[in-house]
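Engineer: Provide a 3D model corresponding to the input given below.
(2 chains)
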Amino acid sequence: GAVVSQHPSWVICKSGTSVKIECRSLDFQATTMFWYRQFPKQSLMLMATSNEGSKATYEQGVEKDKFLINHASLTLSTLTVTSAHPEDSSFYICSARDLWGQGFSNQPQHFGDGTRLSIL
Amino acid sequence: AQSVTQPDIHITVSEGASLELRCNYSYGATPYLFWYVQSPGQGLQLLLKYFSGDTLVQGIKGFEAEFKRSQSSFNLRKPSVHWSDAAEYFCAVGAPNTDKLIFGTGTRLQVFP
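Structural biologist: This next block holds a predicted model:
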């Protein structure tokens, strides 16, 4: 159980284009999803917390206009990298927490397999 | 502020040997503690978690971790490593009443036959 699907797994695109990454909880409902960025051989850096039906909460230093997050349903959150440039190339990972964990931060996050984004 | 330290960037062990990965945290109270494993190009898989109670927790794949409050540590152990355990291991801390996880910098495990 607790499967999180992330799509696409790998995307290459030209500089200036926008890229959308989807994160779906397949067998549970998630009121909260998280988006992370991971540079090669480094740890995960939280970018934003996505809450179903409300605006995302961005971490300090993350441009909200650059990284658009939409959490339209209890099973889907999307991250759109707008006008992507080579410096946006990275590994993006989403995670989700089970609805039944709402209010209990001890519920673990379940992670997707990540999206490798390469901007040429 | 919360922080997590994984002192060992890279560890190499022989298959069948025992393993201990270190994790130290900084937090005012007892945090929620997690160990995750990441294979190359993949997301993270939860190995085990500690919230309260028994300080020795058992996880998947034969891993266990021990919470030591006096040392602010949550070290991960496995008595006999398998080649398939080669991966990146992340320790993480979550504060009660927040949604966020703070990750350590990770320890890369290599296993030689």
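
Engineer: show me the contacts for the residue of chain A found nearest chain B.
Structural biologist: Going by C-beta to the nearest C-beta, chain B is nearest to residue A:111 of chain A, at 3.8 Å. For every residue, glycine as well, the C-beta is placed using N, CA and C. Contact analysis of residue A:111 by C-beta atoms under 8 Å, 6 or more residues apart in numbering or on different chains lists A:4, A:93-95, B:36, B:43-45.

Engineer: skipping adjacent residues, who's closest to residue 59 in space?
Structural biologist: Since you didn't name a chain, this refers to chain A. residue A:46 (5.4 Å; C-beta to C-beta, 6 or more residues apart in numbering or on different chains).

Engineer: my question was about chain B
Structural biologist: Setting aside the residues directly before and after it, residue B:59 is nearest to residue B:48 in space (C-beta to C-beta, 6+ apart), at 2.8 Å.

Engineer: returning to what we had before: now render the contacts of residue A:111 as CSV, adding distance to residue B:16 and pLDDT.
Structural biologist: Below are those laid out as CSV (distance: C-beta to C-beta, whole Å; pLDDT from 0 to 100):
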residue, distance to residue B:16, pLDDT
A:4, 33, 92
A:93, 32, 95
A:94, 36, 95
A:95, 33, 93
B:36, 24, 95
B:43, 28, 86
B:44, 26, 90
B:45, 23, 91
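
Engineer: restricted to strands, list those residues.
Structural biologist: In strands, judged by DSSP state E, the following of those are found: A:4, A:93-95, B:36, B:44-45.

Engineer: adding distance to residue A:15 and neighbour count, write the residues you listed out as JSON lines.
Structural biologist: Output for these, formatted as JSON lines (distance: C-beta to C-beta, whole Å; neighbours: other C-beta atoms under 10 Å in any protein chain shown):
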{"residue": "A:4", "distance to residue A:15": "29", "neighbour count": "24"}
{"residue": "A:93", "distance to residue A:15": "23", "neighbour count": "25"}
{"residue": "A:94", "distance to residue A:15": "24", "neighbour count": "31"}
{"residue": "A:95", "distance to residue A:15": "28", "neighbour count": "26"}
{"residue": "B:36", "distance to residue A:15": "33", "neighbour count": "26"}
{"residue": "B:44", "distance to residue A:15": "29", "neighbour count": "30"}
{"residue": "B:45", "distance to residue A:15": "34", "neighbour count": "16"}
